[in-house]
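J.: Predicted model and sequence below, questions to follow.
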Amino acid sequence: MSTRYDHIVIGAGHNGLVCAAYLARAGRSVLVLEAAEEVGGAARTAEIAPGFRVSACAHLLYGLHPRVIRELSLRRHGLDYASASLQTAVMGADGSVLRLKTDHAAGAIDAADIVALPGFRRRLLKMARHLRPMLLMQPPRLAGRDLKQNIDLARLGFAIRSMGQADMRDFLRIATMNVFDLVQDNFASPLIQAAFAADAVLGTNLGPRSPGTVLTLLYRLIGEVGPVQGAVALPRGGMGAVTQAIAASARDFGATIRMGAAVGRIRVEGERVVGVELADGEFIAAGSVVSNASPQRTLLDLVGPRHLDAGFQRDIGKIRAKGNTAKLNLALSGLPAFRGLDAADLAGRIVLAGSPSAIEAQFDPSKYGEWSPEPLMEITIPSATDATAAPSGQHVLSAVVQYAPYRLKEGWDAARARYLEVLLDHLERFAPGIRQQVVAQQLLTPLDLERDYGMPGGHWHHGELAIDQLLMLRPVNGAARYAMPIAGLFLCGAGAHPGGGVTGAPGHNAAQAVLAEAKPLERAA
Ligand SMILES: Cc1cc2nc3c(=O)[nH]c(=O)nc-3n(C[C@H](O)[C@H](O)[C@H](O)COP(=O)(O)OP(=O)(O)OC[C@H]3O[C@@H](n4cnc5c(N)ncnc54)[C@H](O)[C@@H]3O)c2cc1C
């Protein structure tokens with residue numbers, strides 16, 4: 001007879017693992033079923049050529065929640081940073097370079113902007129700090145609240161009210177602004193403007209002039225590494241080492257993780273979830289099922305429309321998730337020579353972005369199904385600080401490439417090879433000779449991210465981070481508290497509040513919702 005579990009978690013992305021770890025820590029029996037042969041989802045390390053190991057998708061840590069790190073003992077389980085506070089070098093197409101580290105800036109920046117930077121950051125970091133309590137809460141429902149939800153609503157209001165009158169007014173004024181206007185109001189130098197604009201749009205289908213991009217910037221600044229808010233860290237061993245640490249913690253608490261176990265169906269009987277069926281037909285029973293897959297995949301494919309109310313089904317089908325970000329990973333025979341950059345810059349984060357106007361111009365073609373030939377890129381060279389990343393003297397380069405539309409006019413399968421050439425040409429302008437250094441490459445288009453990583457539309461948040469898809473509207477109105485409208489079914493991934501990025505927050509919150517609502521199964525003595 002097969003075993004029944006208190007909870008099955010579908011997917012061993014970092015959120016599924018965090019959720020499983022918290023459930024197992026509470027004494028529940030937990031089985032994690034992952035379709036891929038490795039844990040991590042979009043937070044994995046890939047070997048792209050023998051000895052060359054690089055974060056396949058996500059490469060930088062800035063939001064992994066300190067409570068998750070502490071409560072799951074992730075440092076003990078192997079979480080480590082090759083560098084805990086990276087410097088950023090912003091490179092313009094004209095050869096100009098700006099160096100940024102926390103409040104300090106040097107290079108292509110006006111003296112007045114150097115003076116303005118600490119005050120600007122202080123203002124944004126303070127706002128982001130006030131929003132932080134929202135990360136680990138269940139968003140209250142807009143209607144029909146009970147006492148617990150009223151408390152959550154009060155906490156939400158308090159988080160904003162506690163800013164004080166002047167800051168609250170400032171927050172309400174800028175929260176709905178776009179990042180383009182915000183940086184124009186505060187700085188004159190294009191590269192410092194570009195640095196903040198880039199952080200606001202990376203991973204989204206938004207340009208600097210899109211509404212809500214101040215919120216996406218605040219979301220990026222909400223996290224901390226060690227005690228430093230807004231810092232950016234490079235995990236030792238790549239992002240896969242982070243999820244391996246979470247998996248080790250989950251196992252240590254007693255969770256079982258099965259790879260190569262794709263769930264084909266969530267079985268519903270009498271309006272209640274009773275377990276899952278694997279793609280090969282195996283049925284596994286559970287008291288409840290928590291899905292790390294996207295809301296769209298979970299509800300429309302795995303549950304199926306016949307179990308869903310028509311309005312709810314329509315709302316889920318309408319979630320906007322069109323990825324506009326690709327990933328380029330290169331194995332290199334030597335350290336690339338970026339114009340004007342020194343060894344310290346190469347060990348940090350490199351952002352290719354000239355100005356907010358240039359970024360907006362790169363966004364434009366994507367609206368019509370075309371890529372930008374000179375895209376915004378966020379680059380790291382992990383092997384510069386992490387000897388485990390590449391054979392001695394050789395290197396790996398990891399580049400997040402913005403504005404590669406999911407719905408490419410000519411289709412990604414036909415255009416992939418040409419796009420790779422476009423990206424290498426673009427890199428060659430900033431790092432002459434890099435083409436000759438390429439030993440191997442891996443290009444992940446949004447279509448690949450959907451097909452190989454299960455991200456709907458190849459979107460790294462599983463659904464756009466837009467005002468109408470945040471908080472109590474994420475993933476859709478009426479279903480933002482992790483429990484779905486079918487008894488025993490929960491969501492725990494990036495498509496749920498507060499969204500994507502390697503934060504662990506949706507996984508943590510979903511576990512709390514499950515523990516509050518789903519009782520453990522009675523076991524035979
Ligand atoms: C190119 C790129 C770069 C990024 N860069 C960064 C970055 O630098 N920093 C950062 O913080 N974030 C970054 N992100 C975002 C971040 O990676 C994601 O938001 C985050 O990893 C989502 O985690 P998740 O656990 O919610 O979902 P996922 O990582 O998508 O995991 C979902 C898991 O569920 C599994 N699954 C789905 N369906 C089934 C099924 N039917 N049966 C079994 N298993 C199933 C999938 O295989 C997958 O393992 C990036 C994303 C991309 C794509």
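T.: Now that the structure is in, tell me what you want to look at. Residues are numbered from 1 along each chain as shown.

J.: And what about the residue nearest to residue 187 when sequence neighbours are not counted, helix, strand or coil?
T.: Computed as CB to CB, 6 or more residues apart in numbering, the closest residue to residue 187 that is not its neighbour in sequence is residue 113, at 4.7 Å. (Each C-beta comes from the backbone N, C-alpha and C, glycine too.) Per DSSP: H, G, I helix; E, B strand; the rest coil, the secondary structure class of residue 113 is helix.

J.: Any idea how many residues pack against residue 113?
T.: By other CB atoms under 10 Å, the residues close to residue 113 number 19.

J.: Name all residues that make contact with it.
T.: Contacts for residue 113 were tallied using CB atoms under 8 Å, 6 or more residues apart in numbering; they are 105, 187-189, 192.

J.: wait, which of those is closest to the ligand?
T.: residue 192 (21.1 Å; CB to the nearest ligand atom).

J.: which element is that closest one on?
T.: With secondary structure defined by DSSP states H and E, residue 192 is part of helix 190-201.

J.: is the ligand contacted by that helix?
T.: No - in this structure, helix 190-201 remains apart from the ligand according to CB under 6 Å from any ligand atom; the gap is never smaller than 11.0 Å.

J.: Same question for stretch 39-46.
T.: Yes - counting by CB under 6 Å from any ligand atom, the ligand has neighbours in stretch 39-46: 41-43.

J.: Can you give me the distance of residue 443 to the ligand?
T.: Taking CB to the nearest ligand atom, to the nearest Å as the criterion, residue 443 is separated from the ligand by 11 Å.

J.: do residue 289 as well
T.: 11 Å.

J.: Next: residue 317.
T.: 17 Å.

J.: so what pLDDT did that residue get?
T.: In the predicted model, residue 317 carries a pLDDT score of 95.

J.: That one and residue 296 touch, don't they?
T.: Yes - with contacts defined as CB atoms under 8 Å, residue 317 counts as touching residue 296 at a distance of 7.2 Å.

J.: okay, the two: which has more neighbours?
T.: Using other CB under 10 Å, the more surrounded residue of residue 317 and residue 296 is residue 296, with 19 against 13.

J.: Stretch 209-223: end-to-end distance?
T.: Separation of the first and last residues of stretch 209-223 by CA to CA, to the nearest Å is 24 Å.

J.: got the buried residues for it?
T.: Taking 16 or more other CB atoms under 10 Å as the basis for neighbour counts, the residues of stretch 209-223 that come out buried are 209-210, 212-223.

J.: Could you do stretch 176-187 as well?
T.: By neighbour count, with 16+ other CB under 10 Å as the criterion, the buried positions of stretch 176-187 are 178-180, 182-183, 186-187.

J.: how about the residues of the stretch 251-400 of the chain near the ligand?
T.: Within the stretch 251-400 of the chain, the positions near the ligand by CB under 6 Å from any ligand atom are 262-263, 292-293, 297, 325, 327, 400.

J.: how much space is there between residue 199 and residue 223?
T.: Applying CB to CB, to the nearest Å, the value for residue 199 to residue 223 is 12 Å.

J.: Identify the contacts common to these two.
T.: Counting by CB under 8 Å, 6+ apart, no residue touches both residue 199 and residue 223.

J.: Closest residue of the stretch 51-200 of the chain to the ligand?
T.: Scanning the stretch 51-200 of the chain for the residue nearest the ligand gives residue 58, at 3.2 Å (criterion: CB to the nearest ligand atom).
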